[in-house]
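In: Any chance you can model this:
(chains A and B)
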Amino acid sequence: MDDIILEMNGITKKFPGVKALDNVNFHLYKGNVMALIGENGAGKSTLMKILSGVYPKDKGKIILHEKEVNFDTPKEAQDAGIAIIHQELNLVPYLSIGENIFLGREPSKKFGKVDWNKLYIESEEYLNKLGMKLNSRKLVKDLSIAEQQMVEIAKALSIDAKIIIMDEPTDSLTDKETENLFRVINELRESGKSIVYISHRLQEVFQICDSITVLRDGQFIGEELVEDITEDEIIEMMVGRKLDEQFPRIDSKLGDTVLEVKNLSNEYISNISFNLLKGEILGISGLMGSGRTELAKTIYGTIESSSGDIYIYGKKADIKSEKDAIEQGITYVSEDRKGEGLVLNLPVLENMTISSLKCFVNNFGHINKELEKKIAEEYINKLSIKTPSINQLIKNLSGGNQQKVSIAKSLMSEPKILILDEPTRGVDVGAKKEIYDLINEFKSHGMSIIMISSDIPEILGISDRVLVMHEGEISGEISIEEASQEKIMKYAVGIKEME
Amino acid sequence: MNREFFKKYKSIIGLILFSIIISIFNKDFLTVNNILNILRQTSINSIIAAGMTFVVLTGGIDLSVGSILAFSGAVCISMVSAGFSVFLAVIVALIIGSIIGILNGIFISKGKLQPFIATLATMTIVRGATLVFTDGRPITSGGSKGAQAFRNIGAGYFLKIPIPIYIMVIVFLLSYYLLKHMKFGRYVYSLGGNEEATKLSGINVDKVKIFVYGISGFLAALAGIVMTSRLSSAQPNAGVGYELDAIASVVLGGTSLTGGVGSVLGTIVGALIIGIINNALNLMNVSSYYQTMVKGIVILLAVLLDRKND
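Out: Coordinates of the predicted model:
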């Protein structure tokens, strides 16, 4: 256990506007499984991407086998014996298992001819070591996720990796597949490999890991032996802050029903019914992939519903597109700011007004630029968006300010119902507080808000009522007085009755 | 002059430097006549390239413009020679071009085809239609009553300046206005920058795409009318390869092929650079075989230089 093979000391990494990692330490020991734990945005993936040569570090040292190293490319990290198995697996679907394992390192005969026999035989040997009986000529696209994961591990073995990083490896596995994965991890540990195990499932950490490193908001919080620590202590390390400071709750009088969803279903969600009151913040919690975003997008008209109805102020609403939704007073702020929320190469102004341009144009579609600028500046002040000018490109703003522009865009279409999907993901702690304050302010003006979040403390801190989703269904509805972290987690993993 | 200024106007600065260098080597270059000549020669490519700018800004591409040019030109002149009024012939040709463009847009937005594939198919189909329509032979306006009036569009002068230059200038002014001052233009940039975000902002992106390819088709037809009029005949193989000159003009003008960034002003400069290369090499009596090579090399160098500055 004292055999330290990897030390990362004082690692710092800045992205435009955000300090993703601040002076982080990380150690790894021979034949040891190290859990790397933290909330979304804590910096786990960034740290591992630095270790595997995807991102350059700004500051700090990486010492591997007592020698300082510096990886500029993933290839260099691989050559040094570091393999990373990403959450979204990185295999080529239309190549065979063997071709994937030896991709770029195919054994060859004379004149560069690939030695196919050797490639397939060796591939199967590696798979056998993992207890997998698979024909290595099979195409990867025909494998299950668990099998693909094994192919990735076989690939790591084939490059003789000493360090294997697994990013949320059990996310899409069944219980049985998880068991098998744990058996393989145990074998790897016994053969002296070191494993970094990234997960948000604390139970698994106790099952399979030897030690644990916790990150929070890009900072190193601590390293402990798993046998010396309890689940509660880990959660405390992860969450850290006192809840009431972060979330200044305001209580307001709730009004009439604004939105009513009845038996809404499609291929992602089934039989969803709930209502939303005027001036209410409804939190929607659940694990990733539980259908939260899909529910929001179905209400917003992005995803078609196969059955069920939506009523706004008691009147049946016909929403076939995002445009219909906006016209009826519903807006949606996406969880994926860069992919779905903003046009990064356009200025702040043009991002803000795109949904509400019709307020600034005459009958011919000519934009009144002075009016547009005036209104946009009002919103910039109201939301205290920090930008050198409204003509600054949005990609140069920090995450928190980008998020505020996203929210401003929605507000400018004057919605009655605002759906926020992970509104504080990838946002600095300080900016988070500002966003909570804004949400509270909208609430006090009578806006109805649906807030989807993976951050349970955030849900508890700001919602008036909580819905929990599991596999496309609502598995529980909890009033804020009764809500607790455990209750939400139990519903989120699908335990419906808890008497 | 700071860096920002240089960056913003680098293509214009390049164009001016380029012109100065040529004028040092050749006394005939900087004469009023030659400049009007260049502008007139550039007009057809410029008109097509203006439409191509809209398409490229959305992240698409339109390969069918050369075929649309040939087909609408052929329809137009055959109507004139059959005795229809010039006005009607021009309107019909413009409508045909617009409809083909709109069909491109529908295949791409509703049919979810790659723009490259969709317009490659219409390019081939419309070229075939032109061959069928013309029976593979040139069509002339003959001695019909509208022949002279029709000829004026491409070959006439107003205040000693060729009419195609006026058409080109009007096309660019309108395109500029549409892109910079109208709602539609905003949608074009936004769509090219991030289609998903634009859709989620409540914009009917399919409609924007259909409109954009419609504009490209309309302007290709307009270029076809100008060219047919100037030559007083429609060639079945007219406009072959014109899509590439148009795309080159757009890219030389700094518009990104991935969409969302660029301007129609850049495209004029790009088209002028190509026009000036052709003209200068002509003045220097360089064989046309070499001209094509030189044009390719200049495009490559200009784009490489542009990348380096980013």
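In: Nearest to chain A: which residue in the stretch 51-200 of chain B?
Out: B:Gly193 (3.6 Å; Cβ to the nearest Cβ). All C-beta spots, glycine's among them, are computed from the backbone N, C-alpha and C.
In: ok, now how distant is B:Val92 from B:Val86?
Out: 11 Å (Cβ to Cβ, to the nearest Å).
In: Those two: who's more crowded?
Out: Between B:Val92 and B:Val86, counted using other Cβ atoms under 10 Å in any protein chain shown, the more crowded position is B:Val86 (23 against 16).
In: May I have the residues that are in contact with that one?
Out: B:Val86 makes contact with B:Val80, B:Gly146, B:Ala149, B:Phe150, B:Ile153 under the criterion Cβ atoms under 8 Å, 6 or more residues apart in numbering or on different chains.
In: Sort the residues you listed by pLDDT and name the bottom one.
Out: On pLDDT alone, B:Gly146 ranks lowest of the contacts of B:Val86, at 83.
In: Tell me which residues touch that residue, please.
Out: Shown in contact with B:Gly146 (Cβ under 8 Å, 6+ apart): B:Val80, B:Gly83, B:Phe84, B:Ser85, B:Val86, B:Ala89.
In: So which one of these is the model least confident about?
Out: pLDDT across those is lowest for B:Gly83, at 88.
In: Three-state assignment for it, please.
Out: coil (DSSP: H, G, I helix; E, B strand; the rest coil).
In: give the contact list for it.
Out: Contact partners of B:Gly83, counting by Cβ under 8 Å, 6+ apart, are B:Ser144, B:Lys145, B:Gly146.
In: surely the first one meets B:Val80?
Out: Right, B:Ser144. Yes. The pair B:Ser144 / B:Val80 is scored as a contact, 6.0 Å apart, by Cβ atoms under 8 Å.
In: For the stretch 151-300 of chain B, which residues are neighbours of chain A?
Out: B:181-184, B:186-187, B:189-190, B:193-194, B:196-204, B:260-261 (Cβ under 8 Å from any Cβ of the partner chain).
In: And the strand or helix carrying B:Leu244, what does it pack against?
Out: In this assignment (DSSP states H and E), B:Leu244 forms part of helix B:242-252. In terms of contacts (3 or more Cβ pairs under 8 Å, 6 or more residues apart in numbering or on different chains; DSSP states H and E), helix B:242-252 is packed against helix B:32-57, helix B:65-81, helix B:264-283, helix B:288-309.
In: Can you add distance to A:Glu377 and mean neighbour count and give those back as CSV?
Out: Shown next, in CSV, are these (distance: least, Cβ to Cβ, whole Å; neighbours: other Cβ atoms under 10 Å in any protein chain shown):
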stretch, distance to A:Glu377, mean neighbour count
helix B:32-57, 27, 24
helix B:65-81, 42, 29
helix B:264-283, 27, 22
helix B:288-309, 32, 13
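In: Including distance to B:Ser233, could those helices go into a markdown table?
Out: As requested, the helices and strands packed on helix B:242-252 are arranged in a markdown table below (distance: least, Cβ to Cβ, whole Å):
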| stretch | distance to B:Ser233 |
| --- | --- |
| helix B:32-57 | 15 |
| helix B:65-81 | 7 |
| helix B:264-283 | 22 |
| helix B:288-309 | 21 |
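In: How about the residue nearest to A:Gly38 when sequence neighbours are not counted: which residues does it bridge to?
Out: Leaving aside its chain neighbours, A:Gly38 sits nearest to A:Leu215 (3.9 Å; criterion: Cβ to Cβ, 6 or more residues apart in numbering or on different chains). In this entry, A:Leu215 is beta-bridged to A:Phe220, by DSSP bridges.
In: Look up how far chain B lies from A:Leu215.
Out: 30 Å (Cβ to the nearest Cβ, to the nearest Å).
In: Report the contact partners of that residue.
Out: A:Leu215 is in contact with A:Val24, A:Leu36, A:Ile37, A:Gly38, A:Ala42, A:Gly43, A:Lys44, A:Leu47, A:Ile221, counting by Cβ under 8 Å, 6+ apart.
In: Can you tell me which of those end up in helices?
Out: Applying DSSP state H to the contacts of A:Leu215, the entries found in helices are A:Lys44, A:Leu47.
In: Would you point out which residue of chain A is nearest chain B?
Out: Closest point on chain A to chain B, by Cβ to the nearest Cβ, is A:Val343, at 3.6 Å.
In: Spatially nearest residue to that residue, not counting backbone neighbours?
Out: Counting by Cβ to Cβ, 6+ apart, the residue nearest A:Val343 is B:Gly193, at 3.6 Å.
In: and stretch A:316-327, average pLDDT?
Out: Stretch A:316-327 comes out at a mean pLDDT of 94.
In: returning to that earlier point: ok, the residue of chain A closest to chain B touching A:Ile394?
Out: Yes. The pair A:Val343 / A:Ile394 is scored as a contact, 7.2 Å apart, by Cβ under 8 Å.
In: Can you list the low-confidence ranges for chain B?
Out: B:1-4, B:6-8, B:306-310 (pLDDT under 70).
In: Could you do chain A as well?
Out: A:1-2, A:17, A:40-41, A:241-246, A:428-429, A:495-499.
In: got the domain boundaries for it?
Out: A:4-241, A:244-492 (automatic domain parsing).
In: So what's the gap between the last one and the chain middle?
Out: What it means is domain A:244-492. 17 Å (Cα atoms, centre = their mean, to the nearest Å).
In: now the shortest one
Out: On the basis of Cα atoms, centre = their mean, domain A:4-241 is displaced by 18 Å from the centre of the chain it belongs to.
In: can you give me the helices for the stretch 101-250 of chain B?
Out: B:115-134, B:147-155, B:163-181, B:183-193, B:195-200, B:205-231, B:242-252 (DSSP state H, counting those that start in this stretch).
In: got the ones you listed as JSON lines, with mean neighbour count columns?
Out: Shown next, in JSON lines, are the helices of the stretch 101-250 of chain B (neighbours: other Cβ atoms under 10 Å in any protein chain shown):
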{"stretch": "helix B:115-134", "mean neighbour count": "19"}
{"stretch": "helix B:147-155", "mean neighbour count": "18"}
{"stretch": "helix B:163-181", "mean neighbour count": "18"}
{"stretch": "helix B:183-193", "mean neighbour count": "24"}
{"stretch": "helix B:195-200", "mean neighbour count": "22"}
{"stretch": "helix B:205-231", "mean neighbour count": "26"}
{"stretch": "helix B:242-252", "mean neighbour count": "25"}
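In: can you redo the ones you listed as JSON lines with distance to A:Arg249?
Out: Formatted as JSON lines, the helices of the stretch 101-250 of chain B follow (distance: least, Cβ to Cβ, whole Å):
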{"stretch": "helix B:115-134", "distance to A:Arg249": "51"}
{"stretch": "helix B:147-155", "distance to A:Arg249": "72"}
{"stretch": "helix B:163-181", "distance to A:Arg249": "46"}
{"stretch": "helix B:183-193", "distance to A:Arg249": "37"}
{"stretch": "helix B:195-200", "distance to A:Arg249": "30"}
{"stretch": "helix B:205-231", "distance to A:Arg249": "40"}
{"stretch": "helix B:242-252", "distance to A:Arg249": "55"}
